[in-house]
Structures are given as structure tokens and as C-alpha cells.
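Student: Return atomic coordinates for the entry below.
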Amino acid sequence: MIKHEIIRCERCGTSIECKANSYTKCQCSVVQLNLNEVQYISENYEGCMCAACLLALQDEYRAMIVNV
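Tutor: Here you go, the predicted structure:
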């Protein structure tokens, strides 16, 4: 039985089980973002995202700062 809300990833549309009230059990908690990466993502997106998209955006940000 699902105890948490099923939502869509804002970036790719994949269904994910949001566990905001149990953050350490949420799939997004496996992605360790630094403050600059969080800021970069929050400037472009407002909602929850799947771990795959968070990793892709982290890579995008890191590639962007290397090329600056």
C-alpha cells in the first residue's frame, strides 16, 4: 500500500513517490547537491524531481561552471 503521494517529476514526467515527510527515505535523497547546485536547480524548477533528473542537472551545472 502506498503511503505517500504519487507525483510526476517536473522535468521528465516520470511518476515518483514523494516522501517529503520522510525525506531520508525519498528517492531524491540519494543525490547529494551542494548549495550552488540547489540554487541552480531552483532557479529553473519549482517542483520535485526524480533522482535521475537531479543527477542530470547536477552534471549540467558542473559542466557549465567548468566551461566558464
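Student: Only the buried residues of the lowest-mean-pLDDT helix or strand in the chain, if you could.
Tutor: Ranked by mean pLDDT, DSSP states H and E, the weakest helix or strand in the chain is strand 15-18, scoring a mean of 86. Residues 16, 18 are the ones in strand 15-18 that count as buried (16 or more other CB atoms under 10 Å). For glycine as for every other residue, the C-beta is placed from the backbone atoms N, C-alpha and C.
Student: This protein: helices as residue ranges?
Tutor: Under the criterion DSSP state H, the chain contains helices at 35-44, 51-66.
Student: okay, the ones you listed, which one's buried deepest?
Tutor: Highest mean neighbour count among the helices of the chain (mean count of other CB atoms under 10 Å): helix 51-66, with a mean of 15.
Student: Just the angle for that one relative to helix 35-44, thanks.
Tutor: Note on geometry: by axes from the mean of the first three to the mean of the last three CA atoms, to 10 degrees, helix 51-66 and helix 35-44 are set 110 degrees apart in direction.
Student: what about dumping the CA coordinates of helix 51-66 to PDB?
Tutor: Coordinates of the C-alpha atoms in helix 51-66 are reproduced here as PDB (Å, rounded to 0.1, in the frame of the first residue of the first chain):
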ATOM      1  CA  ALA A  51      16.900  11.200  -8.800                       C
ATOM      2  CA  ALA A  52      17.900  10.700 -12.500                       C
ATOM      3  CA  CYS A  53      16.900  14.300 -13.400                       C
ATOM      4  CA  LEU A  54      18.600  15.700 -10.300                       C
ATOM      5  CA  LEU A  55      21.800  13.900 -11.300                       C
ATOM      6  CA  ALA A  56      21.500  15.100 -14.900                       C
ATOM      7  CA  LEU A  57      21.000  18.700 -13.700                       C
ATOM      8  CA  GLN A  58      23.900  18.400 -11.300                       C
ATOM      9  CA  ASP A  59      26.100  17.200 -14.200                       C
ATOM     10  CA  GLU A  60      24.800  20.100 -16.400                       C
ATOM     11  CA  TYR A  61      25.700  22.600 -13.700                       C
ATOM     12  CA  ARG A  62      29.100  21.200 -13.200                       C
ATOM     13  CA  ALA A  63      29.800  21.200 -16.900                       C
ATOM     14  CA  MET A  64      28.600  24.800 -17.100                       C
ATOM     15  CA  ILE A  65      31.000  26.100 -14.400                       C
ATOM     16  CA  VAL A  66      33.900  24.200 -15.900                       C
END
